[in-house]
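*Asks:* sequence-free structure coming up:
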């Protein structure tokens, strides 16, 4: 994996809710988020899921976008996703961690970015012996309300050589 990644709100919340931000820290030299993503995480919704874990992760770098984000992005995606893609070009880091399907497709097909998701991160973490299995964190993310589709879970479990919990 590339040593640097620009990350969206969803994966930070997903890994925070399972007390798994250390996985990102172990796999990547730098994890950067746009300021908008930082503010979205701090808002935390009504449940404030993972906020305490996120606040302790002082190694996550927060950067402000300089200038305007491509108008195509701001009319098609939410502000955080648009800024993740914009920040990747601003910083020259062309690997992004995004789980939302439409944002992933736009980042990959229109902007040519290397897109990974939370499930890929778990597979890499198992491969590098950072975690023993992917089924426990996937189950905990889903139980916490984080959406990961059944087909993605099934494919990832197969790739990891694990049995399905679906």
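*Replies:* Nice, thanks for sending it over. A quick note: this is a predicted structure, and the numbers were derived from the prediction, not measured. Numbering: from 1, shown residues only.
*Asks:* doesn't residue 39 fall inside a strand?
*Replies:* No: remark: residue 39 does not belong to a strand; assigned using DSSP: H, G, I helix; E, B strand; the rest coil, it is helix.
*Asks:* burial count for it?
*Replies:* Residue 39 is flanked by 14 other residues according to other CB atoms under 10 Å. (Glycine included, C-beta is placed from N, CA and C.)
*Asks:* what's the spacing between it and residue 137?
*Replies:* According to CB to CB, to the nearest Å, residue 39 stands 26 Å off from residue 137.
*Asks:* next: residue 31.
*Replies:* 17 Å.
*Asks:* list the residue ranges of the chain that fall below the pLDDT cut-off.
*Replies:* Flagging of the chain using pLDDT under 70 yields the residue ranges 1-2, 45-49, 166.
*Asks:* helices of that one, residue ranges please.
*Replies:* Taking DSSP state H, the helices of the chain run over residues 9-17, 21-27, 35-43, 51-56, 71-76, 79-91, 101-105, 118-127, 135-143, 150-160.
*Asks:* the fourth one - contacts with which helices or strands?
*Replies:* What that stands for is helix 51-56. On a contact count with 3 or more CB pairs under 8 Å, 6 or more residues apart in numbering; DSSP states H and E, helix 51-56 meets helix 9-17, helix 35-43.
*Asks:* can you tell me what sits against that helix?
*Replies:* Applying CB atoms under 8 Å, 6 or more residues apart in numbering, the external contacts of helix 51-56 come out as 12, 13, 16, 17, 19, 21, 41, 42, 44, 60.
*Asks:* how far is it from where the chain is centred?
*Replies:* Here helix 51-56 is found 15 Å from its chain centre; the criterion is CA atoms, centre = their mean, to the nearest Å.
*Asks:* ok, back up a step: got JSON lines for the contacts of helix 51-56, with neighbour count too?
*Replies:* Putting these into JSON lines (neighbours: other CB atoms under 10 Å) gives the following:
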{"residue": "12", "neighbour count": "25"}
{"residue": "13", "neighbour count": "26"}
{"residue": "16", "neighbour count": "23"}
{"residue": "17", "neighbour count": "22"}
{"residue": "19", "neighbour count": "14"}
{"residue": "21", "neighbour count": "22"}
{"residue": "41", "neighbour count": "25"}
{"residue": "42", "neighbour count": "11"}
{"residue": "44", "neighbour count": "15"}
{"residue": "60", "neighbour count": "19"}
